[in-house]
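Participant: Quick one: sequence plus predicted model below, questions after.
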Amino acid sequence: MTGSSPPIHRQQIMLVTGLSGAGKSTALRALEDLGWEVVDNMPIRLLGPLLATPIGDSTDITERPLAVGIDSRTRGFSADRIVRSIKRLRDSDQHDISTLFLDCAGTELDRRYSETRRRHPLAEDRPAADGIAREREMLDGLRRWADHLIDTTAYSSNDLQQEMRRRFALADRSGPTINVMSFGFARGLPRNADLVFDMRFLRNPHWVDTLRSGTGLDQPVADYVKADPAYEGAVGQIEKLLETLIPRYQAEGKSYVTIAIGCTGGRHRSVHVAERIGAFLRGLGYKPNIIHRNLSSLTQESLEGRPPSP
């Protein structure tokens with residue numbers, strides 16, 4: 001009796017092409033931000049060997065898909081040859097190969113070249129319209145063969161990035177990387193924080209002898225913080241704000257969002273609230289990273305200010 005062979009992993013590969021000025025560079029940058037491996041302007045003679053390289057029996061689900069940028073400026077470009085290579089490699093059943101073609105109306109491309117004062121690569125000494133017409137004819141075979149067609153005539157750069165995210169975001173990279181960080185104001189503001197929330201209005205466990213040596217990860221400290229009359233209303237409002245803001249950040253293509261939660265020393269109130277907000281975001285389907293910047297810092301009376309009046 002012979003055992004069954006392990007399944008062959010079929011790597012996802014997409015050829016990204018289209019008219020010069022239609023947004024290929026923007027599309028490739030968006031794919032790279034989404035976790036794709038990107039290769040641009042590869043000579044055509046190397047395309048076949050690259051795509052023909054066996055993937056083997058890897059079943060690593062973290063293997064990145066590959067985007068290969070090609071256009072009429074690529075050395076040895078031939079639409080017919082590329083289409084034949086795609087057909088042959090598809091028949092081999094080793095790769096999941098697709099083609100994205102970026103199109104744009106000639107009048108809009110002419111306007112873009114005029115505004116940027118760039119020369120069309122196929123019309124160095126002639127009007128851009130001549131190069132646009134020549135390139136459209138050269139790429140016609142690829143356009144008809146393409147699996148994905150995006151017409152960028154009415155798109156801004158941001159519009160195209162959003163369309164790329166909508167179509168090609170990986171399952172585990174469909175949103176921004178969210179970091180929820182606790183910190184102590186007495187030890188400085190965190191760098192690159194997008195949102196900062198101050199928890200120093202809550203009563204401070206540092207001034208309770210039995211809680212001072214603990215942290216916001218300890219239940220007695222958490223219970224003490226939660227018992228503050230202002231706690232639930234304030235933290236609940238922060239959660240509602242984040243529920244509104246994070247999808248907006250995602251829609252704008254922000255790759256990282258850092259939410260900083262501060263208290264005086266960074267060991268009690270901020271730690272507990274950061275843990276609560278992290279749990280709240282997980283409940284919404286996000287996968288936040290929880291970072292406690294000053295959790296291991298030594299307690300210092302001088303940093304905590306005066307104890308509250310009795």
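Facilitator: In hand now; what should we look at?
Participant: I figured residue 21 hits residue 113, correct?
Facilitator: Yes - counting by C-beta atoms under 8 Å, residue 21 touches residue 113, with 6.2 Å between them. C-betas here are computed from N, CA, C, even on glycine.
Participant: shared neighbours, the two?
Facilitator: residue 120 (C-beta atoms under 8 Å, 6 or more residues apart in numbering).
Participant: So for these two, which residue has more residues nearby?
Facilitator: Legend: neighbour count by other C-beta atoms under 10 Å for residue 21 and residue 113, higher for residue 21 (24 against 20).
Participant: need the contact list for that one.
Facilitator: 104, 109, 112-113, 118, 120, 132.
Participant: same thing but 7 Å
Facilitator: By C-beta atoms under 7 Å, 6 or more residues apart in numbering, the contact set of residue 21 is 104, 109, 112-113.
Participant: Among the residues you listed, which are located in helices?
Facilitator: Those of the contacts of residue 21 mapping onto helices are 109, 112-113, per DSSP state H.
Participant: Switch those residues over to a markdown table; also include pLDDT and distance to residue 204.
Facilitator: What follows is the ones in helices among the contacts of residue 21, written out as a markdown table (pLDDT from 0 to 100; distance: C-beta to C-beta, whole Å):
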| residue | pLDDT | distance to residue 204 |
| --- | --- | --- |
| 109 | 92 | 62 |
| 112 | 89 | 58 |
| 113 | 87 | 62 |
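Participant: from the residues you listed, which is closest to residue 243?
Facilitator: Residue 243 lies nearest to residue 112 out of the ones in helices among the contacts of residue 21, by C-beta to C-beta, at 38.4 Å.
Participant: Need the nearest residue in space to the closest one, chain neighbours excluded.
Facilitator: residue 21 (5.0 Å; C-beta to C-beta, 6 or more residues apart in numbering).
Participant: State whether that neighbour is indeed within a strand.
Facilitator: No - counting by DSSP: H, G, I helix; E, B strand; the rest coil, residue 21 falls outside a strand, being coil.
Participant: Which parts of the stretch 201-310 of the chain are helices?
Facilitator: Using DSSP state H, counting those that start in this stretch, the helices of the stretch 201-310 of the chain run over residues 219-226, 231-251, 269-283, 301-304.
Participant: could you redo those helices as TSV and give each row mean neighbour count?
Facilitator: Output for the helices of the stretch 201-310 of the chain, formatted as TSV (neighbours: other C-beta atoms under 10 Å):
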stretch	mean neighbour count
helix 219-226	18
helix 231-251	15
helix 269-283	22
helix 301-304	14
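Participant: mind saving the C-alpha coords of stretch 144-154 as PDB?
Facilitator: C-alpha atoms of stretch 144-154 as PDB (Å, rounded to 0.1, in the frame of the first residue of the first chain):
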ATOM      1  CA  ARG A 144      -7.800  41.000 -23.800                       C
ATOM      2  CA  TRP A 145      -6.200  38.100 -21.900                       C
ATOM      3  CA  ALA A 146      -6.100  39.800 -18.500                       C
ATOM      4  CA  ASP A 147      -8.100  38.300 -15.600                       C
ATOM      5  CA  HIS A 148      -8.400  41.700 -13.800                       C
ATOM      6  CA  LEU A 149      -9.000  45.000 -15.500                       C
ATOM      7  CA  ILE A 150      -9.000  48.300 -13.700                       C
ATOM      8  CA  ASP A 151      -9.800  51.500 -15.600                       C
ATOM      9  CA  THR A 152      -8.100  54.300 -13.800                       C
ATOM     10  CA  THR A 153      -9.500  57.200 -15.900                       C
ATOM     11  CA  ALA A 154     -11.500  58.700 -13.100                       C
END
